[in-house]
Structure formats: C-alpha cells, structure tokens
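K.L.:
After the sequence you'll find the predicted model.
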Amino acid sequence: MISSPRLISYIPGLALSIAVAGAGLLLERAELAISGARPIEGLVLAIVIGSALRSGFRLSPTFTPGITLSAHFLLECAIVALGASVNFTAIREAGPQLMAGIAAVVLLSIATSFSIARLLGLSHKLAFLIAFGNSICGNSAIAASAPVIEASAEDVAASIAFTAVLGVVAVLAMPLMSIVVHLSAVQYGVFAGLTVYSVPQVLAATAPIGAVSLQTGTLVKLIRVLMLGPLLFIVGLARGLGGRRLSLAHVLPWFIVGFAIMAALRSADLLAPDRVSLLTSTSSLLTTVAMAGLGLSVDVRSLRQAGGRVVMAALASLLALCCISMAMITLIGIV
C-alpha cells in the first residue's frame, strides 16, 4: 500500500503534466477554430510544450515523481484502455507473415545498428545498447538490457540522452513523412510501429493520421516490444548469466497483458459500444497527459553531452531501421 507522503509527492509533477496537457489541448482547439483543421494534435503539442519548459527552465526536483508517474504509469493505463479499441481480427487477418516480418526487421536492425556503432568506434557494450534501443523500444530497451550486459553508467547515460531527444524528433517528423511518401493508413501504422522507439511515441506519431494508423501502429509496436524479453534472455544465456537478471516485467509487462485482455473482450463483443467509447476517450486523455510528462522529461540540451559518434550512430541506425522497415512493408505487400 502506498503511503500518504509518497502520494503527496506525486502532486506537483502530476499537476504540471495536466497543466501542460491542457495547454496542448487548448492550442489544438485554437487551431480548429482558426483554420478548421488540426495540423498538430494536442498530444504532440503537449510534448513540445513540456520539452520547452524542461529545456528552458530548471525544474525543481519536487516535480520529478509526478512527471515520472505521468510519463510512465498513466501511459501504461492509457495503453490498457486503448485495447478496447482494438479487435484481434486485425491480427488474424495480418497472419504469420506480418509477425515474421516484424521479427525479421528487429533482428536485422539489431545487427545493422551494432555494426554501424562498432564501425564508428564505439565500445561493444555501448554499441549493443544503441542497437537494442533503436531496434526495440528506445530507453526502455536500453534500461532493461544494461544490467544484462553489465554496461557502465556512462554508456547508459550516453545512449539514453540522445535516444530521448531523437525519439521526440521522430514523433514530430513521422506524420509529415507519411504525406511525402504517400503511405496508406495501414502502411504508415506498420512503419511507425516498426521504427518509433517507444509505445507512447507510437501513439503520438500515429494519432494525427487517424484511428487505423493508431491501432495498427500500436499492435505492431507491442509485438515488437514483446521480443525484448526473449532476446535479452538469449543474450543473458550467451554471456553465461542464465537469464538470472531478467524479471517477469521485462518479459511480459503488465500493461501489455491488460491491453491483450481489453482487446480480447472487445473481440468477443463483451464490451458495450458506450463503454468502448468511454475507454477510448479515457485512453486519449491519459495519453495526452503522458505526452506532457514525456516532454517534461526531455532536456534537448542533453544532446550536446551525448557525443558526436553516439549521435552519428543513433541517426544512422534509425535511418537504417526506416529503410529496412520500408523494404519489409514492400516485400510482404502491405497496402
């Protein structure tokens, strides 16, 4: 049971995240009132506002617990609620071909990213962190894999610093890329799910395109995330650790279980339409607050501390992942 002092410690950061989310939603309404359209979604605006605040001002440490709660736990709750809008029929229709394609992209991306980082002179462990972060789920993969390979704090900090900034840049740029390359809603959802670092960032990158892209991207991303546990277990065995450093949370996070349960209920028609609508709206609101928390967690000035070779390795790895993903989409004929 959480103590009262701990609950109180969440209030400042949570209130700030809600305020930033509210500002993003207000700006979205202003866009709609002025132009009749919403070129930039409220959740993306929340990221930008939050990041600007974090980068422009020195936030008191009292905000940290609530910001962390917003960026992680609320987002996980949003993912569970989002499951109510997903029908597993889409997975059955995608078939084993897409599943195999996702696995192939992840494995090829890890090998390519690791090779790029090593060619740029980075250490084996730093190259591994960048490869796993780029190929699976960004900072979460870096944090989860660091103890398995016994990476130093310096390597973890260097890889996370740039990945956090690059992930936000990708969220802002991806919707524009969809328009330029003329991807369909499903193609863009698959592409975003394969290339964007984290689940919340996938939500932010796909929401502006529409519900089909959002649901497709989330499904693809969650399948990609599910590869983290088995791959780290294999790495642990290869290093002679026998997988002892892995926890159940790494193999099967609770929010993925919750997402699957909600999607199963929806697929079995056990959720009334009004409840589906309520859960979908709740997911959208929680996601916006989580995006605000994510933005408040990213200081763009940390980019300068990451180092030139780390920056080049991360950029080249992301570009390679984008090319590999587009090739997979073309090869298996996603339309």
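P.N.:
That came in fine, so what should we check first?
K.L.:
So Ala151: helix, strand or coil?
P.N.:
Look at Ala151: counting by DSSP: H, G, I helix; E, B strand; the rest coil, its state is coil.
K.L.:
what's the following helix or strand after the helix or strand of the chain with the lowest mean pLDDT?
P.N.:
The helix or strand of the chain with the poorest confidence is helix 248-251; it has a mean of 59 (mean pLDDT, DSSP states H and E). Going down the chain from helix 248-251, the next helix or strand is helix 254-267, by DSSP states H and E.
K.L.:
what residues are up against the residue positioned nearest the centre of the chain?
P.N.:
With distances taken as Cα atoms, centre = their mean, Ser198 lies nearest the centre of the chain, 1.4 Å away. If you count contacts by Cβ atoms under 8 Å, 6 or more residues apart in numbering, Ser198 has them with 137-140, 167. Every residue, glycine included, has its C-beta placed from N, CA and C.
K.L.:
Does the closest residue to Gly167 other than its chain neighbours belong to a helix, a strand or coil?
P.N.:
Excluding its sequence neighbours, the residue lying closest to Gly167 (Cβ to Cβ, 6 or more residues apart in numbering) is Tyr197, at 4.2 Å. Three-state assignment for Tyr197 (three-state DSSP): coil.
K.L.:
Which two of the contacts of Ser198 have the greatest separation?
P.N.:
Ser140 and Gly167 (10.7 Å; Cβ to Cβ).
K.L.:
who's more crowded, the two?
P.N.:
A count of neighbours by other Cβ atoms under 10 Å puts Gly167 above the other of Ser140 and Gly167, at 26 against 19.
K.L.:
And the pLDDT at the more buried one?
P.N.:
pLDDT recorded at Gly167 is 76.
K.L.:
Make 16 the starting number, not 1.
P.N.:
All set: I'll call the first residue 16, so the last point we hit is now Gly182.
K.L.:
so it makes contact with Ala156?
P.N.:
No - judged on Cβ atoms under 8 Å, Gly182 makes no contact with Ala156 at a distance of 11.6 Å.
K.L.:
start to end distance for stretch 190-202?
P.N.:
From its first residue to its last, stretch 190-202 covers 12 Å (Cα to Cα, to the nearest Å).
K.L.:
now for whichever strand or helix holds Gly244, which elements pack on it?
P.N.:
Using DSSP H and E, Gly244 sits within helix 243-253. Judged by 3 or more Cβ pairs under 8 Å, 6 or more residues apart in numbering; DSSP states H and E, the packing partners of helix 243-253 are helix 153-164, helix 263-266.
K.L.:
out of these, deepest packed?
P.N.:
Greatest average neighbour count among the helices and strands packed on helix 243-253 goes to helix 153-164 (a mean of 22), per mean count of other Cβ atoms under 10 Å.
K.L.:
Give me the packing partners of it, helices and strands only.
P.N.:
Partner elements for helix 153-164 (3+ Cβ pairs under 8 Å, 6+ apart): helix 139-147, helix 168-196, helix 243-253.
K.L.:
need those in a markdown table with distance to Met327, can you?
P.N.:
Below are those laid out as a markdown table (distance: least, Cβ to Cβ, whole Å):
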| stretch | distance to Met327 |
| --- | --- |
| helix 139-147 | 11 |
| helix 168-196 | 10 |
| helix 243-253 | 25 |
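K.L.:
Out of those, which is the most enclosed?
P.N.:
Counting by mean count of other Cβ under 10 Å, helix 139-147 has the highest mean neighbour count of these, with a mean of 24.
K.L.:
can you give me the mean pLDDT across that one?
P.N.:
Rounded mean pLDDT across helix 139-147 is 90.
K.L.:
between that helix and helix 168-196, how big is the angle?
P.N.:
In terms of direction (axes from the mean of the first three to the mean of the last three Cα atoms, to 10 degrees), helix 139-147 departs from helix 168-196 by 30 degrees.
K.L.:
ok and helix 139-147 relative to helix 243-253, angle-wise?
P.N.:
Going by the same axes, to 10 degrees, helix 139-147 makes 160 degrees with helix 243-253.
K.L.:
would you put the C-alpha positions of helix 139-147 in CSV?
P.N.:
Listed in CSV are the C-alpha atoms of helix 139-147, where the atom choice follows Å, rounded to 0.1, in the frame of the first residue of the first chain:
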residue,chain,number,x,y,z
HIS,A,139,30.8,-3.3,-27.7
LYS,A,140,28.6,-2.5,-24.8
LEU,A,141,27.6,1.0,-26.0
ALA,A,142,27.0,-0.4,-29.5
PHE,A,143,24.8,-3.1,-28.0
LEU,A,144,22.7,-0.5,-26.0
ILE,A,145,22.2,1.7,-29.1
ALA,A,146,21.3,-1.4,-31.2
PHE,A,147,18.7,-2.6,-28.7
